[in-house]
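>>> with the sequence up front, the predicted model follows.
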Amino acid sequence: MAETTAPFASAAPVPAAESRFERQIWWFPRILLIPTIVYLFVMTVFPLLYSLFISLFRTETGRPPVWIGLENYGKVLSGGEFWYAIGITLVLTVVAVTLEVLFGVGIALLLNQRLRGMGLFRLLVYLPMMVSPLVIGYFWRYMFDGTFGIINWVINSTIGGLLQLDPPQWLIDPVLAAIAIIVVDVWQWTPFVALLAAAGLNTIPPALYEAATLDRASRWMQFRRITLPFLVTPLLVAILFRSIDTIKIFDSVYILTGGGPGDYTATLSVLDYKVGFTYFRVGEAAAFSWLIVILINIVTTVILRLITRSRRARLYTA
Amino acid sequence: MSNQAKSQFTRRNFLKASLAAATLAALPGTRRALAMQRESESGRKAARQAAKTIKVLALAWPSTATEQKLADETFTPDTGIKVELEALDYTFMEQRVKQLVSGKSDTYDIYHYDSQWLGGFVLGGALERLDTPDYLGNSKATIKFDDFHPEIAARLGRYPSVETALRTGKLDAMKDVPIYGLPWSLNCEVLWYRKDIIKNVPETWDDLRKLAKQVTTKDYYGMAFHANRAADYITVEYLPLLWAFGGDLWDAEKWIANGYINGAPAVKALEFMRDMWKVDKSVDPASGGWGFNERLNALLQGKTAMAQNWAPLFGNLPEDPKSSAVVGKIGYAVVPKGPGGRAAMFGCQGTGINANSKNKAEAWMYEQWLLSKDTQSALLKTLPAGFISSRKDLADEAAKTSEWHKAFVDSIPIIRDMWNNGDYAELLDICARQLNLGYIDKVPAKKALDDAATAQQVVYDSSPENPKNKKK
Amino acid sequence: MSTKPKGLGRTILQYIPVLLIVALFFFPLFWMFSTSFKQRVDWYAVPPRILSFTPTLQNYDQLLSIAIVPLQVLIDPATGQPKINKLTNEPQLQRPSQVLPSDEYRELTRFNLFGQWYLVGTKSEFLRFIFNSIVISLATTVFSIIMACLTAYGFSRFPPRRSDNILFWILSLRMLPPVAVIVPYFFMFQAFGMLDKHLTLILVYSVFNISFGVWLLKGFFDEISPELEEAAMMDGYGPWAVFRKVALPLVVPGIATVAVFNIIQSTNEFLLAFVLTQNVATTGPVALTKFLPPTGIDWGGISAAATLLVAPVVVFTILVRNQLIRGMSFGQLR
């Protein structure tokens, strides 16, 4: 991916190093890379092996675990809840991330202007992502409540009152509940995308805009040809991380709806948690977790391909 | 380097240095503080010789704080044993408890457990058997199993339960069942109502329905349910209705669901609840998402004229002007009856000794102190603790303590509970999900309950405690 | 960007969308912040009281109040002699409820200074939890950034064989849903006796933080032109010095970004903290669950607690804001 040529690339490790300098070149890369890789490996190898191991057993309270091979995986894959959970999770992810990108770019552009107090404004907008998702879940649940919530009060006082509508029961209707979850996620993480987009905006040399204005290019043309290309990389990075995080989403969904009504908003992590910690079928939950990891891997690979392709494209047009 | 880069450089250096300094300072500082603490603690310990600390895991009920205070003031100085009560919120408590059981943890010496968890605890080997010469059978024991209301004590302490015996009150069938715990905190659902709006307490559920419709106004509803699908909210709301119409959750002897959870009384009860918000409009439609808080709120803020609610747990709240807009206006009565009888929802918790604990003798001393007449009386008298004693010799005192205590005492003969076996969590989850779907009218009531029966039967059939699986 | 002088009307027009957006994003937090000053009657008021309530400090007082009182020896009024603890033969000290200012205080700890015992009482243990959160997030951030800088530079300058695969593996660690790892981690740390210790959470969080840091920082390191480093080498600097004096200063904005995100994630993480700690090393978010008794969510308490928990994060962000915003770039001007 990196097209830079390392200055030391030509200096292959030479066993019999003559000067102190050349000896340094030999162990330097190893000292950089090995500690981290070892640390990460040690910290993750046991949990992964353990959960792989236990996913091959059936565990029940009061009974010793029973070997059943891949039956847990079969059970999860054939259960309707799993596929529904994938469906709802992907829908939530796609919608939420799309909205976050659109709003994020818009906000980044808005906040990029040189107005007084912009620093404070930026801080206030970035605040949502600094608060614990747990708290945010509780407060939004309170705001969405049909009777006590402030959202319905606003709706009733304005549109609802005029049109004589029944107040929407946000957390009880499956579609509205999904919308509520998306609203909360977008609210909390658009600032994240905006932050990365703002970084991308900062890399644009002002000279380009001046030249474009001299050439009498329209604002829209300037946006399409100058701004957007510089935003592509940060946005792809934002999409990558937001997609991973939204597929894993747990805290806010669990608090907002608990997976309900029914199991209509049970995302992958929520369902996994329920199988593992409410029913305490630990073996099945482990199999479930592995399937989630595989899914996320697939999604990430796709997005990474996009990033690589865009970087190569930028090389040619730059 | 440019000036900008230079200032960035020095500021970055400063930040890194201060971060590193802060962390380095914090670590030895923390370690020193801990070492000092350990030193002073070991000094105290040496001075106390046989001193120990026992840890109790409890639900975050109001009585827990009072219990801690009483322990600090009475138990600790008299025995030299320090007591640490740790209270956890109900939502997360269950997960913590399951982990502790499966990990055979010895962190806590005593568990204050919810009645439904009893099966899981016993199967996981987490509770010490108490009907042995070490504990209840000991001649020096200051408490006896007979000190407590028999049905309650049997439900909370003896496992496996025999449902018919508990129902009829003929507990001889259970007298040899092992005892694993003793009663701790008692609650049941009673009918809370606004004395200023409702003059005559409804006798039957049909009366209640008519009354609710009559008193509903623009400002408040006649009745409130908490019908959220999470935890046991809707199930607990529903069960008294189910039992009042003569239905039952399951066949407890043969472990069968069909015909019970989806029988005619069951469907009737679910449709009853649903129609109250859908047809009568006497219940807030938002109740489909309500839990404890919202239902309690509706009462305290004057948004409903009636509701089932726990007593004595929440009993003191309406009288507290800081939380309640209806001070002095709430009355308490036993829940209404139906064609099949009258039943109130059981909500009691028990207490037992961790079988993996290293301080069992001290834990047993604590249990005896906790359940002694003096301690129970002190807890009872502290109204904000929302506590009622299970001791028979305090029954009169309990009834006189307050209106809501009396309502509980009157309900004792009719309390009933749901499953308490090792699979209860999954059965409850299925039940809650299906009831909720039927309540919010996403699925017709009969179909919702039929699906529940099918799903629950799968769990019954694969349970290791099912008698037909045990015979193998 | 434009150099034309702006008219007043134009300025106002520019402010409006900005203020709208800020209001939209900030309102829920304002709601939470204002709830922390509300009394119980105002929490559920319908219609909701946005500004028309009597403010109170009791929620914060509940969390932050601390009292330190000396403990005297108990004297038996009958004999005029100190009361002796029957089990240990030591003089009994005053009981906490006798010396603490009110019923709401509970003993946090006691310490001995020059022979005199002092009792520290708090209305809530929350301070301790915030302290834990701060310590743990700072420690894991420092540790992760150091590791991530080294590794990201290594991948950027000395890509080993199959570096793409290893990098993907590192990223995949961030893909692990916490639900998947809690059970194994619980048993693993229990076996080592490391449950409920600060170090445990630091180690676990660092896995996710390092993964994030490596990815972000590698991008930054990639953008540094090799000529700068070659020039330094020409001047006789060794590779370590090149790293420290040339490459590192140029990625300071990246480091600041990673630091901010690490702090945010570590302070707000819930599931792992809940499972791996019980009382000693408990962090802020887990403490928040204590405000959820069945007698009704303590909205005043939970919002005060949440505000206190987010305060260190905000402070940290403000401290590094210059590194973050100005000059944070994905490309380097040549």
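Done, it's in. Numbering: from 1, shown residues only, chains lettered A, B, ... in the order given.

>>> in which helix or strand would I find C:Leu29?
Following DSSP states H and E, one finds C:Leu29 within helix C:8-35.

>>> elements contacting that helix?
Contacts defined by 3 or more Cβ pairs under 8 Å, 6 or more residues apart in numbering or on different chains; DSSP states H and E place helix C:8-35 against helix A:80-111, helix A:118-126, helix A:133-144, helix A:174-202, helix C:299-319. Using the backbone N, CA and C atoms, a C-beta is placed for each residue, glycine as well.

>>> that helix: what's the following helix or strand?
By DSSP H and E, the next helix or strand past helix C:8-35 is helix C:40-43.

>>> pLDDT averaged over that following helix - what is it?
Regarding helix C:40-43, the rounded mean pLDDT is 76.

>>> tell me if I'm right that C:Ala139 and C:Thr200 touch.
No: at 11.7 Å, C:Ala139 and C:Thr200 do not qualify as touching, with contact defined as Cβ atoms under 8 Å.

>>> before we move on, the earlier item: for the helices and strands packed on helix C:8-35, give me a markdown table that also has distance to chain B, mean neighbour count and mean pLDDT.
Converted to a markdown table, the helices and strands packed on helix C:8-35 look like this (distance: least, Cβ to the nearest Cβ, whole Å; neighbours: other Cβ atoms under 10 Å in any protein chain shown; pLDDT from 0 to 100):
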| stretch | distance to chain B | mean neighbour count | mean pLDDT |
| --- | --- | --- | --- |
| helix A:80-111 | 11 | 19 | 91 |
| helix A:118-126 | 17 | 18 | 81 |
| helix A:133-144 | 9 | 24 | 86 |
| helix A:174-202 | 7 | 22 | 88 |
| helix C:299-319 | 7 | 21 | 87 |
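
>>> need those helices in a markdown table (columns: distance to A:Leu271).
What follows is the helices and strands packed on helix C:8-35, written out as a markdown table (distance: least, Cβ to Cβ, whole Å):
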| stretch | distance to A:Leu271 |
| --- | --- |
| helix A:80-111 | 5 |
| helix A:118-126 | 32 |
| helix A:133-144 | 17 |
| helix A:174-202 | 14 |
| helix C:299-319 | 27 |
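
>>> show the pLDDT at the closest residue to chain C within the stretch 51-200 of chain B.
Residue nearest to chain C within the stretch 51-200 of chain B: B:Gly80 (3.5 Å; Cβ to the nearest Cβ). Looking at B:Gly80, its pLDDT stands at 82.

>>> for the stretch 201-318 of chain A, which segments are assigned as helices?
A:206-214, A:219-222, A:228-247, A:251-256, A:268-273, A:282-317 (DSSP state H, counting those that start in this stretch).

>>> have a look at chain C and report its longest helix.
helix C:126-157 (DSSP state H).

>>> so, low pLDDT: which residues of the chain?
Looking at chain A here, since you left the chain open. Regions of chain A meeting the criterion pLDDT under 70 cover residues A:1-26, A:61-63, A:160-161, A:164-165, A:311-318.

>>> um, chain C though
Those would be C:1-7, C:46, C:86-88, C:103, C:293-296, C:324-334, if you go by pLDDT under 70 across chain C.

>>> what are the phi and psi values at the most centrally placed residue in it?
Nearest to the mean C-alpha position of chain C, counting by Cα atoms, centre = their mean, stands C:Thr267 at 3.0 Å. Dihedral angles of C:Thr267 (phi, psi; degrees, to the nearest 10) stand at phi -70, psi -30.

>>> ok, it - contacts?
C:Thr267 makes contact with A:Ser132, C:Ser133, C:Ile134, C:Ser137, C:Thr283, C:Gly284, C:Pro285, C:Leu309, C:Val310, C:Pro312, C:Val313, according to Cβ atoms under 8 Å, 6 or more residues apart in numbering or on different chains.

>>> next one: the nearest residue to it once chain neighbours are set aside from C:Gln323, what distance?
Computed as Cβ to Cβ, 6 or more residues apart in numbering or on different chains, the closest residue to C:Thr267 that is not its neighbour in sequence is C:Ser137, at 4.8 Å. Remark: distance between C:Ser137 and C:Gln323 (Cβ to Cβ, to the nearest Å) = 18 Å.

>>> who has more neighbours out of these two?
Between C:Ser137 and C:Gln323, counting by other Cβ atoms under 10 Å in any protein chain shown, C:Ser137 is the more crowded of the two (27 against 21).

>>> number of nearby residues for residue 277?
Because you didn't say which chain, this covers chain A. Neighbours of A:Phe277 using other Cβ under 10 Å come to 22.

>>> to clarify, I was referring to chain B.
Residues near B:Trp277, counting by other Cβ under 10 Å: 23.

>>> quick one: list the elements packing against whichever strand or helix holds it.
Taking DSSP H and E as the criterion, B:Trp277 maps to helix B:264-278. Helix B:264-278 sits against helix B:205-215, helix B:233-244, helix B:424-439, helix B:445-462, with contacts defined as 3+ Cβ pairs under 8 Å, 6+ apart.
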